[in-house]
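K.L.:
below are the sequence and a predicted model for it; my questions follow.
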Amino acid sequence: MSNPGGIIQFVDYRVINIEFTRPATYPIQDKEEYKYNIAHGKIERSDKSIQMNIIVRAFDADSESYEEAQTKVSVELAGIFKSTEDQKWDERWDSNAIAILYPYARSLISSITAQTGRNPIIVPTINTFSLLQMEAERQSKTN
């Protein structure tokens with residue numbers, strides 16, 4: 001029987017970590033540009049639910065990496081999901097879980113950075129299905 005409400009249920013989420021760094025002597029610029037990245041991981045839980053963790057980061061566009069950036073923000077979330085039909089988690093649902101969590105991370109980053117006296121960092125929307133496809137292609141090339 002098909003469930004009109006969807007095959008997965010978003011149960012809850014928690015903020016795991018928030019980091020914001022900007023040097024006290026940061027330069028004032030008319031337009032600040034940032035690079036963005038997202039990482040994710042999945043944990044199977046004993047109650048047959050899945051915990052999907054995502055980390056969304058934004059950092060100075062002129063930096064090579066998040067670690068070396070002077071201005072940077074990171075938000076890590078953990079979301080709990082389960083199948084509405086008591087099925088084993090299907091990897092095809094990963095992109096849906098990430099798509100559900102991602103707006104919460106975007107909102108937190110905008111809210112945190114809006115309180116700093118500078119323009120907020122607005123993280124762009126993403127196509128999570130394409131993100132996972134590109135990741136799978138990259139992994140198949142390295143194997």
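P.N.:
Nice, I can see it. Residues are numbered from 1 along each chain as shown.

K.L.:
identify each buried residue in the longest helix along the chain, please.
P.N.:
Ranked by residue count and defined by DSSP state H, the top helix of the chain is helix 94-114. By neighbour count with 16 or more other C-beta atoms under 10 Å, helix 94-114 contains the buried residues 94-98, 100-102, 104-106, 108-110, 112-113. The way it works is simple: take the backbone N, C-alpha and C, and place the C-beta from them, glycine included.

K.L.:
show me what that helix is packed up against.
P.N.:
With contacts taken as 3 or more C-beta pairs under 8 Å, 6 or more residues apart in numbering; DSSP states H and E, helix 94-114 sits against strand 8-21, strand 34-44, strand 50-60, strand 72-83, helix 128-142.

K.L.:
how about JSON lines for those, with mean pLDDT and mean neighbour count added?
P.N.:
Converted to JSON lines, the helices and strands packed on helix 94-114 look like this (pLDDT from 0 to 100; neighbours: other C-beta atoms under 10 Å):
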{"stretch": "strand 8-21", "mean pLDDT": "95", "mean neighbour count": "14"}
{"stretch": "strand 34-44", "mean pLDDT": "93", "mean neighbour count": "15"}
{"stretch": "strand 50-60", "mean pLDDT": "96", "mean neighbour count": "21"}
{"stretch": "strand 72-83", "mean pLDDT": "96", "mean neighbour count": "20"}
{"stretch": "helix 128-142", "mean pLDDT": "76", "mean neighbour count": "11"}
